[in-house]
Each structure stands twice: as structure tokens, then as C-alpha cells.
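Colleague: Predicted model and sequence below, questions to follow.
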Amino acid sequence: MTHQKCGVKVEVPGKIPIKPKSRRKKHDCPPKKHDCPSKEHAAGCECNVKKPALQPARLTNDCVVVNSLVGTKSVQKVAELTLPLTALGLDVLEDLVSVQLVPNLNEVTQNARILRDKVVNIGVLPVTITVTIAGVEAPVTLDTTIPFQEHTDFPGACPEDTLQETPLEVEGIFTQPGVPVVTGPVVGDLVTGILFKVILRTNITVTRPIIQDAQGNICDVNPNRCDNLGNAPSFTLPAPANGDGGIIPLS
């Protein structure tokens, strides 16, 4: 009688040695589908991970806050500055060969406020001015900023409304040599300079948050936002380096 031994090769006279089959252990594959197997068993096991289902949000009431459009307009902003010839390395106007201005829209900083029926916008436009001078081999380059402002009539707009603007676009660039510049407190202290002007364009949009119920009835979040308090508002705007104050850019 032949005794069998697990895991041991058994030889029978006149027969080819048979290698015993290895038994698969129960813990070779993970017991659950979401348990990922090791690399050695990854080919034979399937792990189907399911994303948890979204749970409905619990609301305390059936009202929602939405934005109501007050209005939208296409407006222009004018950046203007006059510099004396000496600021550009010139002594006399006759030495001027050419002048070029390149605005940098990526570094524009501006601040805006909404008054009753009006939008006020103030900012600065960084520019690079390049001047070619007769008898001077290398051109003179000046990096500076040009201030701009715009007061836009906007019927229906009130303080605490939300202001949004599209990115600024350049409509035109103007330079005019020979413009007089006041250099002192005494009337008549004038020197010759160059006028620089850049016309900018943008779309401004004013919206107002309102409350809407399940029946479609609406009411203002702040019903007193358009009340006239009797005193003219006064604002101290941050320095231009602080960025876009009071404006939400529209991409």
C-alpha cells in the first residue's frame, strides 16, 4: 500500500513521476472586491471600486439667493499723461526722431465703486516708452504708469451691488510731441513735453443679489441699498499696487 504525502513527489515503479498539484490558499485573493490585491495577484483578481453616491443636501427652507441683472454696458477709459522732454532724455524737440508707447495690460491696477446710478473707476496703466534721439546710438527707454478714470452713468445701480468687468482692450494709442507742461507753481512756468494717451475698452456688468421663494416671488437681500442717506459718500481707495479693488474680472 502506497502512502501519499502532500507536497512531496511520489514515485511508482514503472510510472512517470507526477508532480502534485499545488492547492490555492483561501487568502490568495482578497475577500472583498474593494480590497486591492498585491502585485502578484493583480492579474487574477478584479477590484471594482465604486464612487459613493451623492447625498441630497438638507435645506432649512425653500428660498434661494440668485443674481438679478441691473445692466451691462460697453465703456471706454482714457489713460493720459504729459511728460517733459527732459524726462525722456531730450533737450530740444528737434532732436526727437521717433517715440513709441507699449501698454502692459497684464499689470493694470484699478479700483471701482458704485454710487447711486453711477459707476466710478480709477486706475493706472503701466507702459514702456521708447524714444529715439538724433545723435544717440541707443534708444532711451522709460517704464512708467499712466493714470485713467471713468464715470459711467448706470441707471438703477446702487451701492452694495456687484460690479464685474471684462479684461481691458486697447482701442488706440496716441502720442503728440510739443505739448506744453506746467513745471512750477507760477503761471507761465511751461516747458515743452510729449502727450501720451491710451484709449481702453471694457464691458461692465452690475448685478444684485435677491431672494427667490418656491413660488417665484423675489425680494432684495438688502431692501435699503438704494435709500438716499443724505450725505455724499466718501472713499479712500487703496494704492494701485493693491490690485483690482471692488471689481470682479470677467474672463
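Modeller: Here it is on my side, so go on. Numbering: from 1, shown residues only.

Colleague: For residue 54, give me the pLDDT.
Modeller: At residue 54, the pLDDT value in this model is 83.

Colleague: and the residue nearest to residue 98 when sequence neighbours are not counted, how far is that from residue 82?
Modeller: With CB to CB, 6 or more residues apart in numbering as the measure, residue 132 is the residue that lies nearest to residue 98, at 4.5 Å, once sequence neighbours are left out. All C-beta spots, glycine's among them, are computed from the backbone N, C-alpha and C. For residue 132, the distance to residue 82 under the criterion CB to CB, to the nearest Å works out to 19 Å.

Colleague: Please identify the helix or strand for the residue nearest to residue 98.
Modeller: Taking DSSP states H and E as the definition, residue 132 sits inside strand 118-133.

Colleague: What strand or helix carries residue 204?
Modeller: Secondary structure (DSSP H and E) places residue 204 in strand 190-212.

Colleague: Residue 69 is in contact with residue 209, correct?
Modeller: No - in this structure, residue 209 sits apart from residue 69 without contact. The criterion is CB atoms under 8 Å, and the distance is 11.6 Å.

Colleague: Mind giving me the packing neighbours of the helix or strand following the strand holding residue 132?
Modeller: For strand 118-133, the following helix or strand on the C-terminal side (DSSP H and E) is strand 140-153. Here strand 140-153 is seen to pack against strand 64-84, strand 118-133, strand 190-212 when contacts are counted using 3 or more CB pairs under 8 Å, 6 or more residues apart in numbering; DSSP states H and E.

Colleague: Recalculate using a threshold of 10 Å.
Modeller: strand 64-84, strand 96-103, strand 109-115, strand 118-133, strand 190-212 (3 or more CB pairs under 10 Å, 6 or more residues apart in numbering; DSSP states H and E).
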